Structure formats: C-alpha cells, structure tokens
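J.: 3D model of this:
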Amino acid sequence: MKKPYYLFNPGRLERQDNTLKFTPRDEEGNEGQPRFLPVETVDSLYVFGALDANSAMYNFLGKAQVSVHFFDWYEHYTGSFMPKEYLLAGKVQVEQVRLYTGAKRRLAVAQLLLEGAAANMLRVLGYYKNRNTPALGPIMADIEQLASGIPATVAVPELMGIEGNIRQIYYGAFDHIIKDFDMGGRSKRPPKNEVNALISFGNMMCYTACLDQIYHTQLNPTISFLHEPGFRRYSLALDLAEVFKPVLVDRLIFSMLNKREIQGNDFRYDLNRCLLKESAGKKFARSWDERLKETIQHRVHKKAVSYKTLIRLECYKLQKHIVEGVPYKPLKMWW
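T.: Next comes the predicted model:
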C-alpha cells in the first residue's frame, strides 16, 4: 500500500533503479545513512529540509504519480510538485468554470461547504461538551446562530465574513478543551504559541491531503467556490479543507496535547514565532498518517472507509454535482 513519507532532514534524493535513495545531511554537511524507498510504495513526499534533486529525479517521480510538498524553515507551505494531471478531463473543467462564473450556482456550493464546516465544528465541540465541558454550550449557541444566516447570504464575500466570525468563536473554545496550553486566540504568519503552531502545521497537512485526493479525480484544483481562485495556489483544496479541518486536524491536536504526546519541550521560538521542533513534527506526522487510516462505517456505502477515502469521496460528490447536477451534500460528522 502506498503511503506518504516525511523528509525532515536536508539531504539528496536520487534514483537507484526503481527505488528512491535519500541521503540525509547534518548541519555540518556530513552525510548519514541512506534511506531506500521503493517508488511503488510512495504516495507523496513531504519535504521540510533543503532537498537536492535534479530534473531527471522529478521526471521519475512524475511518471510514478508521486507528489512532492515543500515547506520552509518556518514550516510554511511553499508549494508542490504535482505529476501531470492524468485524469483531467476537458468537459469537467468547462463545467467547473461554468459553475464558478455563475454567481448563484457558485454561491450555493460555497454555502454548502461552509454549512458542512460549521456542522463539523459543532460536532467536535459537542463531543467535548458532553465530557464535562459545559462552558462550550454558549459557544456552540453562538456558532449555531451565525450558521443559521448562511442561506440568506447573497454574495461570497458576505459568506466569508460569516466564516471568519464562526472561526473566531470556534477557536475561542480551544482553551476550554486543551488542558496544559493556552491558545489566547488564533494567530498565524507567525503563530505566537504552541497551540497556534500546531493548528498551522495541521492545517497545512490537511490542505495537502485534500490536494492529493483532488489530483486523483477529474477536478481542477485551481478553480474553487468558497475561496477566491488566485495565482499559484490550489484554492479548491482550501475549500475542501474547511470541511475536514475540524474532523481531522482539531480532534488530533486536542488528543495529542491532552494525552501529553506533544509537550512544551517539543517547540522552539524563533524571533516572534513559535515553531514545532523536529521531534514534534515527526510525532504529529505519524499520528496524522494513523488518523487518515482510521475507518468509520459509511452510512451510504455500507462499508468501512478510511478518513483518507472520505476526502476522495467528497471530491467525487463535488464532481458529480458539477457535471451531472447531482445535489452536493457536504460531509457532516454523524459518528
């Protein structure tokens, strides 16, 4: 089975027959023990350190359908190498553009995406409210009130204003759930503390996971509905990530911090920002992979599906809506 691999150390990536050879380097430039990865087992690569690789290497990765996601020293997502869109279809792209340019149709999809995100936030908060955190009740009521106004919006910018307000209230609940750390409100670029650093890191992982699954459909990842398409970004992945961040990222953060799997000494401060040390990055990446492999019993398909598959199914639902007009129903946690 294919899986993602995480390269936290700087190093050199080479091809050796049908195997990837990664040779790490330390801060002094000394090479360590090479790591060999059979290419047929690699789904994607996450690169957090400087990587030496030539065009022949990327040509090999492209033919093997391996995506590569890059992050800088400050753990910001900087871009992706994506193989040629082997499933991209002209008809789907035409219909996707047509939906985006039709103001009413675009707004309808954007509203549904935000409704799904809000429902999943409420589901997460409800889980902890029922576990002796009654202070979450008023916060949930405020989110419900804001979400009730989603159908009445008449433009996407107005909808994004509601999204921002919902997020602000939702993040205010984190200090009631997390035991040993204070969030004190959402801060990003740069994250000011440990909780915000984890949120930023986890959101980037969710974004790239959505991007990888979009790639395996006929959707164009640059044409979105809730977020405005822009230059050099895959904005459809941002749309889908809104639905999945509460399900995948936030629950994982709560669990890891409250179980003390990640502690204060797993972070570092650089100027005015808080960042994950390599130890925390590795712990989170390992738990993230395990999370994506977890399964639930699907109510429609009547079988166990993984969270990773749920993202793919969400892409298919959106594609069927775009091409066939099948009503889109966003994922809302029922478990």
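J.: Buried ones in stretch 239-258, by neighbour count?
T.: Neighbour counts over stretch 239-258 (16 or more other Cβ atoms under 10 Å) mark 239-254, 256-257 as buried. For the C-beta atoms, the positions are set from N, CA and C on the backbone; glycine is no exception.
J.: how long is it from one end to the other?
T.: One end of stretch 239-258 sits 29 Å from the other (Cα to Cα, to the nearest Å).
J.: Stretch 24-33 now?
T.: Terminal residues of stretch 24-33 are spaced 7 Å apart (Cα to Cα).
J.: In the protein, what residue spans correspond to strands?
T.: For the chain, the strands defined by DSSP state E occupy 3-7, 11-16, 19-24, 35-38, 42-47, 51-52, 67-71, 77-81, 267-270, 273-276, 295-297, 304-306.
J.: Of those strands, which is nearest K188?
T.: With Cβ to Cβ, the closest approach to K188 among these belongs to strand 273-276: 9.7 Å.
J.: which stretches of this structure have low pLDDT?
T.: 85-88, 232 (pLDDT under 70).
J.: for it, what's the longest helix?
T.: Ranked by residue count and defined by DSSP state H, the top helix of the chain is helix 103-129.
J.: Quick one: distance of that helix to the chain centre.
T.: 16 Å (Cα atoms, centre = their mean, to the nearest Å).
J.: same deal with stretch 84-103?
T.: Per Cα atoms, centre = their mean, the centroid offset for stretch 84-103 relative to its chain is 22 Å.
J.: Can you show me the CA trace of it as CSV?
T.: Taking Å, rounded to 0.1, in the frame of the first residue of the first chain, the C-alpha atoms of stretch 84-103 are listed here in CSV:
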residue,chain,number,x,y,z
LYS,A,84,0.8,15.6,-14.9
GLU,A,85,-3.0,15.5,-14.4
TYR,A,86,-3.6,12.1,-15.8
LEU,A,87,-7.3,12.2,-15.1
LEU,A,88,-8.1,15.8,-16.0
ALA,A,89,-11.0,16.0,-18.5
GLY,A,90,-11.9,19.0,-20.7
LYS,A,91,-15.7,18.6,-20.1
VAL,A,92,-15.3,18.6,-16.3
GLN,A,93,-13.1,21.6,-16.4
VAL,A,94,-15.5,23.5,-18.7
GLU,A,95,-18.4,22.7,-16.3
GLN,A,96,-16.3,23.6,-13.3
VAL,A,97,-15.5,27.0,-14.8
ARG,A,98,-19.2,27.5,-15.7
LEU,A,99,-20.3,26.8,-12.1
TYR,A,100,-17.7,29.3,-10.8
THR,A,101,-18.7,32.0,-13.2
GLY,A,102,-22.4,31.5,-12.4
ALA,A,103,-22.8,33.7,-9.3
